[in-house]
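Enquirer: Structure for the following, please:
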Amino acid sequence: MVGQNPIKLNAGWVQSGVRECLSPHFNARPKGEVSLLVIHNISLPAGCFGTPYVDQLFQGCLDLEADTSFGELKGLEVSAHFMIRRGGEIVQYVSCDERAWHAGISEFQGRQGCNDFAIGIELEGTDLIAYSEVQYQALLRLTLALFDAYPMLNMDRVVGHSDIAPGRKTDPGDSFDWLKYRDGLTQALA
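Expert: Sure, this is the predicted structure:
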């Protein structure tokens, strides 16, 4: 249930109930603005869940020998603010007050460079495998906390990576139930 264990932020960090896994891949937001929430998906290797490799990628210490597909990730410097694992665990990598490197070349409502003003949440998953119920519950709790902490965020400013980088990105994919997520937000905000 969304109302259980509300999440609270202080200075961009969740205060309890999440695992911190600090990433060096961030910098200052140019205007300090947070006005967009971007939903992504990730799995390393592709389609494999519960591995340590996403944490390693975001920390800049991915063992490139661990899987043949990792060679293409050499030198990649990326991060997100959060990841929600299949079991509902929330991991925070970067303060929401800082700019994580998750959106890449992107545009929202005519404004380029979404990393400048967006928070990125990765869901452990793929475009085609359904997300777990506990992931949706954790995502709802986290979204509500972000709405509370950053007044410019609202339901109209929550998008998928595919929305801000069409043709380049497809996540969170057809497997993400936008209706379920938005209905959950609507009910929680009523």
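Enquirer: So, low pLDDT: which residues of this structure?
Expert: Low-confidence segments of the chain (pLDDT under 70): 1-5.
Enquirer: try it again with 90
Expert: Along the chain, the model assigns pLDDT under 90 to residues 1-6, 17.
Enquirer: what residues are up against the residue located most distally from the centre of the chain?
Expert: Distance from the C-alpha centroid of the chain, by Cα atoms, centre = their mean, peaks at Glu65 (26.0 Å). Contact analysis of Glu65 by Cβ atoms under 8 Å, 6 or more residues apart in numbering lists nothing. Any C-beta I mention is one placed from the backbone N, CA and C, and that applies to glycine too.
Enquirer: Give me the most central residue, the chain.
Expert: In the chain, the residue lying closest to the centroid (Cα atoms, centre = their mean) is Ile121, at 0.9 Å.
Enquirer: looking at this, it is in a strand?
Expert: Yes - secondary structure of Ile121 (DSSP: H, G, I helix; E, B strand; the rest coil): part of a strand.
Enquirer: any idea how far Ser79 is from it?
Expert: Ile121 is 12 Å from Ser79, where distance means Cβ to Cβ, to the nearest Å.
Enquirer: sorry, back to before: specify the local secondary structure of the residue farthest from the centre of the chain.
Expert: What three-state DSSP gives for Glu65 is coil.
Enquirer: Which residues in the helix ranked longest in the chain does the neighbour count mark as buried?
Expert: Identified as the longest helix of the chain according to DSSP state H is helix 133-149. Neighbour counts using 16 or more other Cβ atoms under 10 Å place 135-147, 149 of helix 133-149 among the buried residues.
Enquirer: Distance check, the nearest residue to Ser95 once chain neighbours are set aside against Leu44.
Expert: Excluding the flanking residues, the one nearest Ser95 by Cβ to Cβ, 6 or more residues apart in numbering is Gly12, at 3.4 Å. To Leu44, Gly12 is 25 Å away according to Cβ to Cβ.
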